[in-house]
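Student: here's my sequence, what's the structure:
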Amino acid sequence: MNLPNKLTLMRMILIPIFTLLLVFNWPAGAVSVFGEPVATSWFVGVIIFIVACLTDFADGQIARRNHLVTNFGKFADPLADKLLVMTAFIFLAVRGSVPAWGVAIILWRELAVTGLRLLLAGSGEVMAAAWPGKIKTNAQMFAIIFLMFNNFGLGLRIDLILFYLAVFFTIYSGTEYFYKNRGVFSDSF
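Tutor: Numbers count the residues shown, from 1 in each chain. Predicted coordinates:
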């Protein structure tokens, strides 16, 4: 297994650790994050999230630069991104930090595109991430970081601006993926 795939696998392993840290609120209010008390586990969870995001950036850069792009990476990398982002957005919606309808749109798109990837894989095709999908992923990850770190204490709600930008690119990129790959459904009609 090459280094980019190991980084993707590491990101997938970090997701349950991230989840557990957000679930167990210990000790509550132990750390102040830009004026708001949060549990130490939440703070550590956000750090784990950032590390996972960095592995996403690194694996793609290394794979392209060293010609280590594999079908596993094309499939597992976006899947790991989706699992990481969906987990974070669910926790943020439960916390009331983001509107549930926006998170629902993100979840629908992520599941639908994953289904599309599976359909394409069944016919021997691998759908690599396109630029709108990469913008979507980056907007989602930065929105989550800003939301989890209480907007870094800034007055301007950059966290929500990034969230709504992520929702926009979620819809745009999902529509583009389905339009470009509409041929996979040609035998269904």
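
Student: so where do the strands sit in the protein?
Tutor: Ranges of strands within the chain are 31-33, 36-38, based on DSSP state E.

Student: and for Thr175, the neighbour number?
Tutor: 12 (other Cβ atoms under 10 Å). Every C-beta, even on glycine, is put in place using the N, C-alpha and C of the backbone.

Student: same question, Leu68
Tutor: By other Cβ under 10 Å, neighbour count at Leu68 equals 14.

Student: picking up where we left off before, can you redo the strands of the chain as a markdown table with mean neighbour count?
Tutor: As requested, the strands of the chain are exported to a markdown table (neighbours: other Cβ atoms under 10 Å):
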| stretch | mean neighbour count |
| --- | --- |
| strand 31-33 | 13 |
| strand 36-38 | 14 |
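
Student: let me have these in JSON lines, extended by mean pLDDT.
Tutor: Conversion of those to JSON lines gives the following (pLDDT from 0 to 100):
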{"stretch": "strand 31-33", "mean pLDDT": "77"}
{"stretch": "strand 36-38", "mean pLDDT": "79"}
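
Student: spatially speaking, which residue is in the middle of the protein?
Tutor: The residue lying closest to the centre of the chain (Cα atoms, centre = their mean) is Val85, at 3.0 Å.

Student: list the contacts for the nearest residue to that residue once chain neighbours are set aside?
Tutor: Spatial nearest neighbour of Val85, chain neighbours left out: Gln140 (4.8 Å); criterion: Cβ to Cβ, 6 or more residues apart in numbering. Contacts for Gln140 were tallied using Cβ atoms under 8 Å, 6 or more residues apart in numbering; they are Val85, Phe89, Ile106, Ala166, Thr170.

Student: which ones among those residues are found in helices?
Tutor: With helices taken from DSSP state H, the overlap with these comprises Val85, Phe89, Ile106, Ala166, Thr170.

Student: can I get those residues in a markdown table with distance to Trp42 and pLDDT?
Tutor: As requested, these are exported to a markdown table (distance: Cβ to Cβ, whole Å; pLDDT from 0 to 100):
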| residue | distance to Trp42 | pLDDT |
| --- | --- | --- |
| Val85 | 17 | 95 |
| Phe89 | 15 | 97 |
| Ile106 | 21 | 97 |
| Ala166 | 21 | 97 |
| Thr170 | 25 | 96 |
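
Student: for these, which one is nearest Ala39?
Tutor: Phe89 (18.9 Å; Cβ to Cβ).
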